[in-house]
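Participant: 3D, please:
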Amino acid sequence: MSLLNRIAALYVDGFRNMTIGRSLWALIIIKLIIFFAVIKLLFFPDVLATNYDDDASRADAVRQSLSSER
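Facilitator: Here you go, the predicted structure:
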């Protein structure tokens, strides 16, 4: 077997034989999802949706912003 196949087999076998590790990984993934959802809501608000009523005005604002900064 090549080195990459042996490394992959090591990790696959290790994850397959986990008992408490699976629940810990599930907890970590759930925490990360909640963390990134909260971060997105707090630091990346949807400014275009709050400041403009329709898609045409949003597109015009983005177009003006992109063309005026250069």
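
Participant: tell me where the longest helix sits in this structure.
Facilitator: Using DSSP state H to assign secondary structure, the helix with the most residues in the chain is helix 20-43.

Participant: what about Ala9, how many neighbours?
Facilitator: 11 (other Cβ atoms under 10 Å). To be clear about C-beta, it is placed using only N, CA and C from the backbone, and glycine gets the same treatment.

Participant: so who does it touch?
Facilitator: Ala9 sits next to Met1 when contact means Cβ atoms under 8 Å, 6 or more residues apart in numbering.

Participant: figure out the helix or strand that it lives in.
Facilitator: helix 3-16 (DSSP states H and E).

Participant: what's the answer for Asp60, then?
Facilitator: helix 55-68.

Participant: so who does Leu48 touch?
Facilitator: Here Leu48 is in contact with Arg58, Ala61, Val62 (criterion: Cβ under 8 Å, 6+ apart).

Participant: pLDDT score for the most centrally placed residue in the chain?
Facilitator: Nearest residue to the geometric centre of the chain (Cα atoms, centre = their mean): Phe36, 6.9 Å. Predicted confidence (pLDDT) for Phe36: 94.

Participant: how much space separates it from Asn17?
Facilitator: Phe36 is 30 Å from Asn17, where distance means Cβ to Cβ, to the nearest Å.

Participant: that concludes my questions; thank you for your assistance.
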